[in-house]
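>>> I would like the atomic coordinates for the input below:
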Amino acid sequence: MSLLFVNENNAVIGIGSKRCFVKYSDGMKKIVPIETLESITIMGHA
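As a prediction, the model looks like this:
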């Protein structure tokens, strides 16, 4: 299992198609399969 930490302001977090995605304000996008996540920690204004 993995942990997802998001500590950047204005990041957008979503879930779709059995994946969790994080879109950052600079256009970068991270995708993680939802089955591998144990927890999500959000710090800041996400």
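>>> so residue 5 touches residue 38, yeah?
No. Counting by CB atoms under 8 Å, residue 5 does not reach residue 38; the two are 11.8 Å apart. Glycine gets a C-beta too; all of them are placed from N, C-alpha and C.
>>> how about the nearest residue to residue 1, chain neighbours excluded?
Spatial nearest neighbour of residue 1, excluding adjacent residues (CB to CB, 6 or more residues apart in numbering): residue 38 at 3.7 Å.
>>> how many residues are close by the one you found?
8 (other CB atoms under 10 Å).
>>> repeat that for residue 42.
Other residues lying near residue 42 total 14 when counted by other CB under 10 Å.
>>> show me where this structure has strands.
For the chain, the strands defined by DSSP state E occupy 2-6, 12-16, 19-23, 29-33, 37-42.
>>> and the longest one, what does it pack against?
Under the contact definition 3 or more CB pairs under 8 Å, 6 or more residues apart in numbering; DSSP states H and E, strand 37-42 sits against strand 2-6.
>>> quick check, distance from the strand it packs on to the centre of its chain.
Chain-centre distance of strand 2-6: 7 Å, with CA atoms, centre = their mean, to the nearest Å.
>>> how far off strand 29-33 does it point, in degrees?
150 degrees (axes from the mean of the first three to the mean of the last three CA atoms, to 10 degrees).
>>> report the mean per-residue pLDDT for strand 2-6.
For strand 2-6, mean pLDDT is 93.
>>> quick thing: my sequence starts at 106, can you match it?
Yes, from this point I'll number from 106; that puts the last item at strand 107-111.
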